[in-house]
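Asks: next input, structure requested:
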Amino acid sequence: MAADSMEIDDALYSRQRYVLGDTAMQKMAQSHVFLSGMGGLGVEIAKNIVLAGIKALTIHDTKQCKTWDLGTNFFVREDDVLNLRNRGEASLHHIAELNPYVQVMSSTAPLNEVTDISFLRQYQCVIVTEMKLSLQKKINDFCRAQHPPIKFISADVYGIWARLFCDFGDEFEVLDTTGEEPKEIFISNISQSNPGIVTCLDNNPHKLETGQFVTFREVNGMQCLNGSTHQITVVSPYSFSIGNTVDMEPYLHGGIAIQIKTPKIFHFQQLEKQLINPTCLVADFSKPEAPLQIHIAMLALNQFQESFARMPTIGCLQDAEEMLKMAVSISKTLEGKPQVNEDMVKWLSRMAQGSLAPLTAALGGVASQEVLKAVTGKFSPLQQWLYTDAFELVTFLEKVSHEEFLPRGDRYDALRACTGDSLCQKLHRLNVFLVGCGAIGCEMLKNFALLGVGTGRERGMVTITDPDLIEKSNLNRQFLFRPHHIQKPKSCTAATATRNINPQIKIDPYLNKVCPATENVYNDDFYTAQDVVVTALDNVEARRYIDSRCLASLRPLLDSGTMGTKGHTEVIVPHLTESYNSHRDPPEEEIPFCTLKSFPAATEHTIQWARDKFESAFSHKPSLFNKFWQTYPSAEEVLQRIKSGESLEGSFQVIKCLSRRPRSWPQCVELARLKFEKYFNHKALQLLHSFPIDTRLKDGSLFWQSPKRPPFPIQFDINDPLHYSFILSTAKLFAVIYCIPFTEKDMSEETILKIISGLRIQEFRPSNKVVQTDETVRKPDPIPISSEDERNAVLQLETAILANEATKNDLQMKELAFEKDDDSNGHIDFITAASNLRAKMYNIEPADRLKTKRIAGKIIPAIATSTAAVSGLVALELIKIVGGYPFQAYKNCFFNLAIPIIVFTETAEVRKTEIRNGISFTIWDRWTIYGKDDFTLLDFINAVKEKYGIEPTMVVQGVKMLYVPVMPGHVKRLKLTMQKLVKPAANKRYVDLTVSFAPETDGEEDLPGPPVRYYFAHENN
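Replies: Sure, this is the predicted structure:
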């Protein structure tokens, strides 16, 4: 089947389509991949690329399952170890289950220096893990010799060090290096000069880079630019040059510059050359020398393996010394003869047999994205090495005796070799609260299971919560779920799947949201019992709330998120770092009301307009209608009360809705046709009546110039598929909300044409309505109902009652809740048709159904690769928190796997606020005062002064001012008891108050203090 004609299962792949695009998805679905080595890293890569949807994967492995593998390969089970199964064969059906569209095969044939490797010709990409370097070179040379070259990837994790190598051949073409939408820039001016300078409208940054290409459209004056392509040079963030414009007509107004994506060729060197002079991606700029140091250390490890046919023994000093000698001699053969890090080499020797599951997850995520790049040509490939590590763990481990690292014959031996047994035991005894069981949540639970989190006999528990049920679109990256789990709760399903990975783990699943409404479940005692809170959320509000609870309970918080190929992690540790709420992203820019209503300039505006129309007509109006008739049960009663002069809120709109209620399918179609005329013809005519095309502003400039676009009324044409689609989708939604049945025949073009052809459309009559043009003005409140409108309402209601059209059934409608993922409900059909008709009316580029669904549904693009990487990085920080590491050990990370860029940074150190006289506090400090029944406000102020050495001058509870001396009557409050002032709820043991202190010099502002928790009675701690 031709790649471009393949059908993509949108219900499964919708979130990933927005990351990769259909062309890349179709290329991927044609690709055959070979993957050798089914240890922790191999199975991680297999999981991610099968979820992504390649055509076929062969997994190759020659080793038997050992107890050790239970802590690294999440698809190996205890009976696989007992039955001495091959690791690949044990993993095969678990991997195949992840995606029914992918063919997964296994091979156990030997693969060594004497193997005939010509069988690799059938693959587009070959990935090797756990393979000797000499064999890697042989396979790499073979891959390069093919036409086209087979893409070669090598990846390994040794202990707390990881490496990734890519070679995609001499010339590898990438069609889209970033995956970002092409930028569209509104223009305010183009100079007539050499070079011509293009200036952006309203000082909006263009975000282009020198060397990129743009084309132009809708330029008035310099018309010859329209449709032409120019390479740009950045002049400033708001302007760029395009070459000679001297001989062109002068620029008048308008115009949009659109970025053109151009293919880019990437050049790779073979492994043999790159070993001597490696090209590395630097991930941690605080240690730029690290990649080369790890390169040398790992080459020494590979040489040790070749020389002794084994790995260095865990903790063996003799092996470490031997490996160090090798590293020193290897360094001399490399270009630049880089320095050897002796500590690193010795630690690598000591830990090389181990495997740190979180590091494996992180590298597996990055490596999988490189596989997808190899088979699709989408995004910039890694050139050519990535080295990353968790060397910070070692700073703490130096004090630990070498016996701690020795194997004990259980599933945690690979972890123990990296962290020592004490840290292992602390992980087992950990209480963790994981909020969210979506993509990151599933990956996090896998990491917890491999690390043995919450498996301790006396202590240790993983509490998880998620209110959602499993949807088909989740299966593309939430790898603990299968098709038979659809519509089951995420948290309970994820808990069962995690116990399959590690039967020792204790998980308590809930179906709650974590918000103020569930504070009876997740109360102070609950948070105090947790050792760490991990969020796997998709919205900022929930993060802010959980952060505030962690701050109040002094609990560490690990946060992360992804958007497409981008990901971030943040670690928040009490008394060491700032909290999540310490920094705020700028709020999302809202589209101005007047832009949405009358002056759209971009596809996003027309989609949001259509989404608002859906909400208003099919959700908001039915909701108001139902609420009204629940309040006033009969039409007769309402008529009586209006006639007696009562003003019933919402009655006018509700009666209007009742009187116009369609009662048959043809009436639904007619209503849809009238809406078409109103939205796409009369609206345009009214605007052009208010602002004719030649309207000028006070300064003489044209009213209709960029970004304002004049509308053009659309004449209805039943033969236009877009017009027909609007009528059909709108009529269907009206039929649903008014509970009117319809058949397949009703929806035929023939029936709809018949209904419409008999409908008389009223001619447009202009009104003198004022059109809002001020972008700062918000949506106005509803206009008060006039006495004439009220009289009409009475008449309409009387008519409906007389016609027996105000019965109990007539007084209810069905409210629709917008649902983007159910294609049968017609919601996206309506929004796509309405949005594209409006776009056509304003001469704006239309959007296809897929793009409309993303914008209208506020869908966050997602792919399993970045989810796996992010959760691995979070689990690394979890280990540091459990080990009680110092501030310098923690790292936040931002990455974009498309470019690729990975940046580790230190966390933000907590700020101290000085009050005076050496008294200071941070966000983590909370003063406590214990009172009793007759404790007055004055007693409270004196208690603070006595305990903390400074007297409060102001006491506030939330937004309520308890004591501000300058406020009238507040001095009298000093004698009142705290109980009376605060009025606590019956079960409330304490209240959090804010205090401030007098400034050192008069006239300055009061000095803020930390929160003070006042207990109404002494606690028995």
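Asks: so what's Phe742 up against?
Replies: Applying Cβ atoms under 8 Å, 6 or more residues apart in numbering to Phe742 gives the contacts 665, 668, 732, 735. Just so you know, the C-beta spots here come from the backbone N, C-alpha and C atoms, and that holds for glycine as well.
Asks: how about Phe379?
Replies: 174, 176-179, 369, 372-373, 565, 897-900.
Asks: which one (most neighbours) among these?
Replies: Greatest neighbour count in the contacts of Phe379, by other Cβ atoms under 10 Å, goes to Leu372: 30 neighbours.
Asks: hang on, it is in a strand, isn't it?
Replies: No - residue state for Leu372 (DSSP: H, G, I helix; E, B strand; the rest coil) corresponds to helix; a strand is not indicated.
Asks: in this structure, which ranges drop under the pLDDT threshold?
Replies: 1-5, 586, 781-787, 789, 1019-1021 (pLDDT under 70).
Asks: what about the contacts of Phe742, which are in helices?
Replies: 665, 668, 732, 735 (DSSP state H).
Asks: for the contacts of Phe742, which one is nearest Val214?
Replies: Lys732 (41.7 Å; Cβ to Cβ).
Asks: the closest one and Ser725, how far apart?
Replies: Distance of Lys732 to Ser725, given as Cβ to Cβ, to the nearest Å: 11 Å.
Asks: ok, now Ala494?
Replies: 40 Å.
Asks: ok, Cys492 next?
Replies: Distance from Cys492 to Ser725, by Cβ to Cβ: 41 Å.
Asks: Lys47 too?
Replies: Taken as Cβ to Cβ, the span from Lys47 to Ser725 is 40 Å.
Asks: same check on Leu816?
Replies: Applying Cβ to Cβ to Leu816 and Ser725 gives a distance of 18 Å.
Asks: cool, and Asn203?
Replies: 39 Å.
Asks: who has more neighbours out of those two?
Replies: Each of Asn203 and Ser725 has its neighbours counted (other Cβ under 10 Å); Ser725 has more, 17 against 10.
Asks: isn't the more buried one right up against Asp829?
Replies: Yes - with contact defined as Cβ atoms under 8 Å, Ser725 reaches Asp829; the gap is 6.6 Å.
Asks: the strands in the stretch 301-450 of the chain, which residues?
Replies: 385-389, 431-435 (DSSP state E, counting those that start in this stretch).
Asks: can I get the ones you listed in JSON lines with distance to Gln504 and mean neighbour count?
Replies: Converted to JSON lines, the strands of the stretch 301-450 of the chain look like this (distance: least, Cβ to Cβ, whole Å; neighbours: other Cβ atoms under 10 Å):
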{"stretch": "strand 385-389", "distance to Gln504": "29", "mean neighbour count": "24"}
{"stretch": "strand 431-435", "distance to Gln504": "15", "mean neighbour count": "24"}
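Asks: adding distance to Arg641, write those strands out as TSV.
Replies: Formatted as TSV, the strands of the stretch 301-450 of the chain follow (distance: least, Cβ to Cβ, whole Å):
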stretch	distance to Arg641
strand 385-389	73
strand 431-435	49
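Asks: wait, which of those is closest to Met248?
Replies: Using Cβ to Cβ, the nearest of the strands of the stretch 301-450 of the chain to Met248 is strand 385-389, at 47.5 Å.
Asks: mind checking how far the closest one is from the chain centre?
Replies: 25 Å (Cα atoms, centre = their mean, to the nearest Å).
Asks: over to stretch 767-784?
Replies: 35 Å.
Asks: can you give me the buried ones in it?
Replies: Residues 772-773 are the ones in stretch 767-784 that count as buried (16 or more other Cβ atoms under 10 Å).
Asks: what lies in contact with that stretch?
Replies: 592-595, 597-599, 686-687, 690-691.
Asks: looking at those residues, which two lie furthest apart in space?
Replies: Top of the distance list for those (Cβ to Cβ): Pro592 and Gln686, 19.3 Å.
Asks: list the contacts of Ser996.
Replies: So Ser996 contacts 952-954, 956, 1006-1009 (Cβ under 8 Å, 6+ apart).
Asks: for it, which non-adjacent residue is closest in space?
Replies: Asp1006 (4.1 Å; Cβ to Cβ, 6 or more residues apart in numbering).
Asks: how many residues are close by the one you found?
Replies: Neighbour number of Asp1006 under other Cβ under 10 Å is 14.
Asks: buried sites along stretch 216-235?
Replies: Neighbour-count burial for stretch 216-235 [16+ other Cβ under 10 Å]: 216, 218-219, 221-222, 225, 230, 232-234.
Asks: now, the residues you listed that are in strands?
Replies: 216, 230, 233-234 (DSSP state E).
Asks: now render those as TSV, adding distance to Val771.
Replies: Output for those, formatted as TSV (distance: Cβ to Cβ, whole Å):
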residue	distance to Val771
Phe216	30
His230	37
Thr233	41
Val234	38
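Asks: and which of these is nearest to Arg791?
Replies: Of those, the one sitting nearest to Arg791 (Cβ to Cβ) turns out to be Phe216, at 56.4 Å.
Asks: so what pairs up with that closest one in the strands?
Replies: Phe216 has these beta-bridge partners by DSSP bridges: Asn226, Ala257.
Asks: residue contacts, it?
Replies: 225-228, 230, 255-258.
Asks: who's in contact with the residue nearest to Ser996?
Replies: Counting by Cβ under 8 Å, 6+ apart, Asp1006 has contacts 953-954, 996-999.
Asks: quick check on it: phi, psi?
Replies: Dihedral pair for Asp1006: phi -60, psi 150, per degrees, to the nearest 10.
Asks: what's the spacing between stretch 141-155 and its chain's center?
Replies: 34 Å.
Asks: what's in contact with it?
Replies: 41, 45, 117-118, 120-121, 123-129, 131, 136, 139-140, 162-170, 172, 270-272, 363-364, 367, 370-371, 374-375.
Asks: residue ranges for the strands of the stretch 751-900 of the chain, please.
Replies: Under DSSP E, counting those that start in this stretch, the stretch 751-900 of the chain gives strands at 891-896.
Asks: for the stretch 101-250 of the chain, same thing?
Replies: 103-107, 125-128, 151-158, 161-167, 172-174, 184-190, 197-200, 213-217, 229-231, 233-236, 239-241.
Asks: you'd agree Ser709 is up against Ile844?
Replies: Small correction: residue 709 is Arg, not Ser. Yes - counting by Cβ under 8 Å, Ile844 is a contact partner of Arg709 at 6.9 Å.
Asks: overlap in contacts, the two.
Replies: 600-601.
Asks: show me what the helix or strand containing Thr496 packs onto, helices and strands only.
Replies: Assigning secondary structure by DSSP states H and E places Thr496 in helix 490-501. If you count contacts as 3 or more Cβ pairs under 8 Å, 6 or more residues apart in numbering; DSSP states H and E, helix 490-501 packs onto helix 439-451, strand 461-465, strand 507-510.
Asks: give me the angle between the longest one and strand 461-465.
Replies: With axes from the mean of the first three to the mean of the last three Cα atoms, to 10 degrees as the criterion, the two stretches helix 439-451 and strand 461-465 enclose an angle of 170 degrees.
Asks: hey, what's the angle from helix 439-451 to helix 490-501? Just curious.
Replies: 30 degrees.
Asks: what about helix 439-451, distance to the chain center?
Replies: So, by Cα atoms, centre = their mean, the centroid of helix 439-451 is 17 Å from its chain's centroid.
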